[in-house]
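Asker: Turn this into a structure:
(2 chains)
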2 protein chains.
Amino acid sequence: MNLSVNNFVEQPPLSEAAFIAGFHAIGEERYHHKHPFHLLMHEGRLARGQLQAWALNRYYYQSRIPIKDAAILARSEDPAFRLAWRKRILDHDGDGTRSGGIEKWLRLVEATGLPREQALAGDGILPATRYAVQAYVDFVSTRSHLEAVASSLTELFSKKLITLRIDRLREHYPWLSSGLDYFTSRSRKPPKTPNSRLPGSCGTRARANIKLWRMPPCVPSATSSGPSSTLFILPT
Amino acid sequence: MNLSVNNFVEQPPLSEAAFIAGFHAIGEERYHHKHPFHLLMHEGRLARGQLQAWALNRYYYQSRIPIKDAAILARSEDPAFRLAWRKRILDHDGDGTRSGGIEKWLRLVEATGLPREQALAGDGILPATRYAVQAYVDFVSTRSHLEAVASSLTELFSKKLITLRIDRLREHYPWLSSGLDYFTSRSRKPPKTPNSRLPGSCGTRARANIKLWRMPPCVPSATSSGPSSTLFILPT
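Answerer: As a prediction, the model looks like this:
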């Protein structure tokens, strides 16, 4: 199936079945479970410095997710959509009693041996990370609402990867195990946007791969070490 | 106290006490409890057609409040601020079980004798209403975050007005009494942003009057009738 992002305008809309199949095909092909950095991670070949750089830079992405989701929410005139989407902001910011994803990710940063204050201050966040994250926020703010929503559906593919990641992180980096609550809590949650709702909100060609190819690779010269000198920053 | 919106840039910041006093002075002077339309409303001098036009046009404003608040939320990098502000979106959109302000306002529209479908379809919403509401959303999206927040603090002044309004609506328009849940539920709630938090988030000259003077008067030629031919659309 050809789902190149460059030619969808010229093609007719997909049928519902083809849309859902195409969506999952994109995930299988382009979700970052095949990314070299993640492959190294899951093989236990990353040094602590690389995991620190990953956790630190990914924190910046985490910290902007509620901003991204509020921007999407602000573009909808449908209270039912807003109610469903608000859940995403709650998931990341928490509810004042239970921690959200941002706080859980800060605990992962701490488990790598970095102080949370470093993440909060943005000390060590790479320019390319800031660029990519801001580009994502700009994307959902300026492109069509459909594209904004579609770019946020990657959790449909994430559960299998997260389950694998938890196992591999525990196996290869046991010193990280106190910081895995972000992943363990996500592995227990059902998808925020079930398959059955996809066609209704996205009844045209899938564009969920937009986010995937907009997160560029980053090379942290200061903090990486170990078998690979290249660090890629990608979500999940 | 001179708190003209035109010259605050040139003046030094207020002390905390002066800021709070000035904020309340603006409310006393410029909040819409003195508006001619509301005075007529509270004196029992509005015809049903005028109350219908008011409820219908005000519905449009209500329906855009979560959009406005999500736009403000999307501009904050502070999870604690976002958590507090998210409550406003919940208040209007509901939580899936309890109705929010938008649904309650639709019941008020129905109590005036108009079908909710008319409000949902925007049939009878005046161009000036659309303009004013969109200007408010644009304002919080493009001006400083401080100004966006300040423009949303008018509920600090609203409780007394809402209490009065409930009494007068029940007295003068008993046929409306089944639709007053929007007001009765607001009269029971504490302010969303307590006085004690104002200086922290707004430590400069008060601009809460911005919203008040940006909602222009509207003249609904088709739907108004009764003692006054002029209908003003303003929140609360």
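Asker: Run a quick neighbour tally on A:Gln118.
Answerer: 16 (other Cβ atoms under 10 Å in any protein chain shown). Just so you know, the C-beta spots here come from the backbone N, C-alpha and C atoms, and that holds for glycine as well.
Asker: Spell out the secondary structure type for the closest residue to it other than its chain neighbours.
Answerer: Spatial nearest neighbour of A:Gln118, excluding adjacent residues (Cβ to Cβ, 6 or more residues apart in numbering or on different chains): A:Gly124 at 6.2 Å. Following DSSP: H, G, I helix; E, B strand; the rest coil, A:Gly124 is assigned to coil.
Asker: so A:Gly124 sits right up against A:Leu56, yeah?
Answerer: Yes - proximity of A:Gly124 to A:Leu56 meets the contact threshold set by Cβ atoms under 8 Å, at 5.1 Å.
Asker: ok now stretch A:103-113, how far from the chain's centre?
Answerer: The chain centre lies 17 Å from the centre of stretch A:103-113; the measure is Cα atoms, centre = their mean, to the nearest Å.
Asker: Hmm, I typed the wrong one, I wanted stretch A:126-142.
Answerer: Remark: stretch A:126-142 is offset 13 Å from the chain centroid, using Cα atoms, centre = their mean.
Asker: So which bits of it are buried?
Answerer: A:126, A:128-130, A:132-133, A:136-137, A:139-141 (16 or more other Cβ atoms under 10 Å in any protein chain shown).
Asker: and the gap between A:Met41 and chain B?
Answerer: 27 Å (Cβ to the nearest Cβ, to the nearest Å).
Asker: Need the pLDDT of the closest residue to that residue other than its chain neighbours.
Answerer: Distances taken as Cβ to Cβ, 6+ apart put A:Arg168 closest to A:Met41, at 7.0 Å, once the chain neighbours are dropped. pLDDT recorded at A:Arg168 is 96.
Asker: these two touch, right, A:Arg168 and A:Leu40?
Answerer: No - counting by Cβ under 8 Å, no contact exists between A:Arg168 and A:Leu40, whose distance comes to 10.6 Å.
Asker: Tell me which of those two has more neighbours.
Answerer: A:Leu40 (19 against 15).
Asker: Work out for me the element that one sits within.
Answerer: A:Leu40 belongs to helix A:36-42 when elements are defined using DSSP states H and E.
Asker: Can you check what angle separates the lengthiest helix in chain A from helix B:48-73?
Answerer: In terms of residue count, the longest helix belonging to chain A (DSSP state H) is helix A:48-73. Interaxial angle of helix A:48-73 relative to helix B:48-73 (axes from the mean of the first three to the mean of the last three Cα atoms, to 10 degrees): 170 degrees.
Asker: Mind checking if helix A:48-73 is in reach of chain B?
Answerer: Yes - Helix A:48-73 reaches chain B (Cβ under 8 Å from any Cβ of the partner chain) through A:63-64, A:66-68, A:70-71, A:73.
Asker: ok, and what's touching stretch A:105-120?
Answerer: For stretch A:105-120, contacts defined as Cβ atoms under 8 Å, 6 or more residues apart in numbering or on different chains pick out A:48, A:51-52, A:55-56, A:58-60, A:62-63, A:124, A:175-182.
Asker: now do 7 Å
Answerer: Applying Cβ atoms under 7 Å, 6 or more residues apart in numbering or on different chains, the external contacts of stretch A:105-120 come out as A:48, A:51-52, A:55-56, A:59, A:62, A:124, A:176, A:178-179, A:181-182.
Asker: That stretch: which residues count as buried?
Answerer: So stretch A:105-120, judged by 16+ other Cβ under 10 Å, has buried residues A:105-112, A:114, A:118-119.
Asker: Please list the residues of chain A that sit near chain B.
Answerer: Listed as neighbours of chain B in chain A under the rule Cβ under 7 Å from any Cβ of the partner chain: A:66-67, A:70-71, A:73-74, A:79, A:82-83, A:86, A:89, A:93-94, A:96, A:102.
Asker: Quick check, pLDDT for A:Ile102.
Answerer: 97.
Asker: Enumerate every residue touching it.
Answerer: A:Ile102 makes contact with A:62-63, A:92-93, B:79, according to Cβ under 7 Å, 6+ apart.
Asker: same question, A:Leu176
Answerer: Counting by Cβ under 7 Å, 6+ apart, A:Leu176 touches A:51, A:111-112, A:169.
Asker: Quick check: it is in a helix.
Answerer: Yes - assessed by three-state DSSP, A:Leu176 belongs to a helix.
Asker: what's the spacing between it and A:Glu110?
Answerer: From A:Leu176 over to A:Glu110 the distance is 10 Å, taken as Cβ to Cβ, to the nearest Å.
Asker: likewise A:Lys104?
Answerer: 11 Å.
Asker: circling back: what pLDDT, on average, does the helix holding A:Leu40 get?
Answerer: The average pLDDT within helix A:36-42 is 95.
Asker: which secondary structure elements does it contact?
Answerer: With contacts taken as 3 or more Cβ pairs under 7 Å, 6 or more residues apart in numbering or on different chains; DSSP states H and E, helix A:36-42 sits against helix A:155-172, strand A:231-232.
Asker: between those, which one is nearest to B:Val149?
Answerer: With Cβ to Cβ as the criterion, B:Val149 lies closest to helix A:155-172 of the helices and strands packed on helix A:36-42, at 31.2 Å.
Asker: Can you list the buried residues in the closest one?
Answerer: Across helix A:155-172, burial judged by 16+ other Cβ under 10 Å covers A:155-159, A:161-162, A:165-166, A:169.
Asker: farthest pair in those residues?
Answerer: Across those, the longest distance by Cβ to Cβ is 22.1 Å; it joins A:Leu156 and A:Leu169.
Asker: who has more neighbours, A:Gly124 and A:Leu56?
Answerer: Neighbours per residue (other Cβ under 10 Å) separate A:Gly124 from A:Leu56, with A:Leu56 holding more: 24 against 18.
Asker: Can you give me the distance of that one to A:Leu169?
Answerer: Using Cβ to Cβ, one gets 16 Å for the distance from A:Leu56 to A:Leu169.
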